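In: Just need the structure, nothing else, for what follows:
(2 chains)
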Amino acid sequence: MYDNKRLGFLFALPFVLGVLLFKLFPFVASLCLSFTQYDLIDPPQYIGLQNYRELFGDDPLFRKSLGVTLWFAILAVPLRVGFALFVAHVLNFKLRAIGFFRAAFYLPSILGGSIAVAVLWRFLFSKYGLINLALVKLGLEPIAWLADEHYSMWTIVLLFTWQFGSAMVIFLAALQNVPVSLYEAAECDGASKAQQFWRITVPLITPVIFFNLIMQMVHAFQEFNAPYMITEGGPLNSTYVLALYIYDQSFRYFNLGYGAALSWVLFALVAALAALSFWSSRYWVFYAGEKDGAR
Amino acid sequence: MSAHATALTDHAQRSRALIRYTVLLAVAVLMLYPLLWLVGASFKSNSEIFSEVGFWPERFSPTAYVKGWKTSTEYTFATYFLNSFAITIPRIAVTVVSCVLVAYAFARFEFWGRKLLFGIMVATMMLPLIVLRLPQYLMFRELGWLDTYLPLIVPSAFATDTFFVFMLVQFLRGIPRDMEEAALIDGCNAWQLLLYIIVPLLKPAIISVVVFQFIWTMNDFMGPLIYLASVEKYPVSLALKMSIGATEEVEWANVIAISVVALVPSVAVFFMAQRHFIEGTASSGIKG
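Out: From the prediction side, this is the model:
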C-alpha cells in the first residue's frame, strides 16, 4: 500500500496547499510588494528599486537598525550557544537529580518568549528593580539598564541567553552519543580533561554546534518581543532591531512597500549568513559515519 | 593497581562530582531566582517590592492579584484568558490532525516530489517568518478575516508549523513497520492503519506537539498584535502589553501579579508533560 503514490500525495496535500498558500505565495508577494509604494488606501504603485535606493542611500535609521541587529546577533548567539554547550557538558555525567536540573534549565527557554516574562524582565532591570537592589547590596553603583544606551542592549541579550535550555537539550543528546571508549583511550594516553573536551568532544559534536548556531542565528535576527516590550527600541534607538523597524513601517505607518523591502533585506542577510555558514562548515564540521543519521 | 591509587582516583572523582554539582546549582539558582523573586514580589506591598532582595514577603497580600485581575479596562483577565483559550484549543486540534497526516505521508509513503517537498519543509524552518507577515496580513484582509481569530488558527490546519511535522516524521521513522504490515495482511485500509496503529504509536510525539503548540500559542504576541483590533478579543499577551502601556506610571505590583498568573498555564502544562517532551525535542534534534 505504501507505494500507492496517489494515496501518499493525498495525505501530504494539506502541507502542499499550506506551503503554496501561506509560505511560497506570501514570500513572492512580499518581494513584489517591495518594488511598490502602497499605503492600503490607494492601489499599489510600481516604483522599481526606489525603496531599496532610499534604504541604502538615504535612511540613517535603517543603518542604525541594521547595526543594532548585527550587534545583537553577534553578542546573543554565541553567548546562548556557548552557555548551552557549557552547561550540557557539566550536566553530561552520571548525576543524581539530572531530571531536576534539566527541567530547571529548560523552563526559561519555553517561557522566555512570552510577554509576561518580558514584562517581568523590564521590571527586574528597572531603576529600583531586583538587579539594581542586588548591586547596591553588594556595594556597587546601580546601573540605568533601560535608560542608558550602553547597557540597554545587554538587557535583551541577557534575556536571549537566559533561554539557552532548548539548545542545551540538543547538545546533551549529542554528548551522550560520544563513545566512552574514546575518553578511556585518551585517559590512558594521559590527556587532561580540558584536552579531552577540545580534542574529542568538540570535534565529534561539530554538526550539532553548527545546527544550533544556524537555528539560533535565525531566531536572533527575528527577535521582536523583547526589544518591543522591554526597551521599546530605545534609548536613542540603541535596541531598535530590524524586526521593530519592519513592524513600525508596515503596521504603524503603513508604508507597506518600504516595510516589504526592509523585510527582504533582513531575509537576504539571514540567507547570506546561512550560506556563508554552510560554506565554512566544510572546514570545521565533521560528519562521522553515516550521512543519513538522525538529522 | 594498588589500593592507594584507587583511593586517589575515587577521591578525585568525588571532588570532580562536587564541582559539577556546585556549578549546576549556582547556574540553576542564578536562572530561577528572578522567577522565584517575582512570585514572592507579587504578594508584597509596593514599597517592599522596591527595597527587598529576599523573595519571601513580610506579609502576604492578595491586593495586587485582585487589582491586576480587574484591569483598567471594562473586561477582567477572565475574558482575556478565555480569548487565549479560544485561539489555542482549536489551533492545537487542527495542528495535530494536519501534522499527523502529513508526517504519515512523509515517513511511510512513496510519492512524486516527496524528497523535494521534504527539502522545502526543512528550508521553511529556517525562513524568517517576518518576511511573510505583510502579504499574509493583506491576504487575510482581502478575506475579511481581520479582527477575528481565523488568521491565527486556519494556517495551522495546513501543517504550516513545519517544526511539528519534522518532529513527527523523525519519530515515525524510528518505529519499525511490523505492526503495519501485520495489519495490512489482516485487511486494514489506510485510514484504519492510521487511526488504530499509527496514532497510538505516535502518542508520545503528539503530546509534545500539543504541549509546544499550547505554550507557543499562549506566548504568541506579534500575531494577535497585527490581526486583532478590538480589546474584547484580546488574548492575555496583548492585554498584558496594554496594562503596561496605558499610563506612564506603571503599577508594578499589579502588573507583576498578573504576569505571574499569565505564566501559570504554561508552567503547569510544562511540568505535567516535561519528561515526554524534553526527550522528544532532543531526539528530533531541533529547537523551537
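In: Now the closest residue to residue B:51 other than its chain neighbours: which helix or strand?
Out: What sits nearest to residue B:51 in space, not counting adjacent residues and going by C-beta to C-beta, 6 or more residues apart in numbering or on different chains, is residue A:133, at 7.2 Å. Quick note: C-beta positions are derived from backbone N, CA and C, even for glycine. Assigned by DSSP states H and E, residue A:133 falls within helix A:130-137.
In: Please name every helix or strand in contact with that helix.
Out: helix A:115-124 (3 or more C-beta pairs under 8 Å, 6 or more residues apart in numbering or on different chains; DSSP states H and E).
In: Put the alpha carbons of the helix holding residue A:133 into CSV.
Out: These are the backbone C-alpha positions of helix A:130-137, laid out as CSV (Å, rounded to 0.1, in the frame of the first residue of the first chain):
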residue,chain,number,x,y,z
LEU,A,130,16.0,43.4,41.7
ILE,A,131,19.2,43.7,39.7
ASN,A,132,20.0,47.1,41.0
LEU,A,133,18.8,46.2,44.5
ALA,A,134,21.3,43.4,44.4
LEU,A,135,24.1,45.6,43.1
VAL,A,136,23.5,48.2,45.8
LYS,A,137,23.5,45.4,48.5
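In: close enough to count as contact, the residue nearest to residue B:51 and residue B:52?
Out: Yes. Using C-beta atoms under 8 Å, residue A:133 is in contact with residue B:52, at 7.5 Å.
In: in the longest helix anywhere in chain A, what's buried?
Out: In chain A, assigned by DSSP state H, the helix with the most residues is helix A:60-91. Under the neighbour-count criterion of 16 or more other C-beta atoms under 10 Å in any protein chain shown, helix A:60-91 has A:62, A:65-66, A:68-70, A:72-73, A:75-77, A:79-85, A:87-91 buried.
In: returning to what we had before: how far off centre is the helix holding residue A:133?
Out: Centre-to-centre, helix A:130-137 and its host chain are 29 Å apart (C-alpha atoms, centre = their mean, to the nearest Å).
In: now the very next helix or strand once past it and helix A:60-91, what's the angle there?
Out: Using DSSP H and E, the helix or strand that follows helix A:130-137 in sequence is helix A:152-162. Counting by axes from the mean of the first three to the mean of the last three C-alpha atoms, to 10 degrees, helix A:152-162 points 40 degrees away from the direction of helix A:60-91.
In: just checking, what packs against helix A:152-162?
Out: Using 3+ C-beta pairs under 8 Å, 6+ apart, helix A:152-162 sits against helix A:60-91, helix A:115-124, helix A:225-226.
In: Next up, phi/psi of residue B:76, please.
Out: Phi and psi for residue B:76, reported as degrees, to the nearest 10, are phi -100, psi 170.
In: what helices or strands is the longest helix of chain A leaning on?
Out: Secondary structure elements in contact with helix A:60-91, counted by 3+ C-beta pairs under 8 Å, 6+ apart, are helix A:98-111, helix A:152-162, helix A:165-175, helix A:206-221, helix A:242-247, helix A:256-284, helix B:3-41.
In: average pLDDT for it?
Out: Mean per-residue pLDDT for helix A:60-91: 93.
In: so it versus helix A:256-284, what angle?
Out: 40 degrees.
In: tell me how far helix A:60-91 is from the chain's mean position?
Out: 8 Å.
In: And stretch B:185-205, by the same measure?
Out: 27 Å.
In: quick one: that stretch near chain A?
Out: Yes. Judged by C-beta under 8 Å from any C-beta of the partner chain, stretch B:185-205 and chain A are in contact via B:190, B:193.
In: low-confidence ranges in chain A?
Out: A:288-295 (pLDDT under 70).
In: now with 80?
Out: A:1-5, A:93-99, A:234, A:287-295 (pLDDT under 80).
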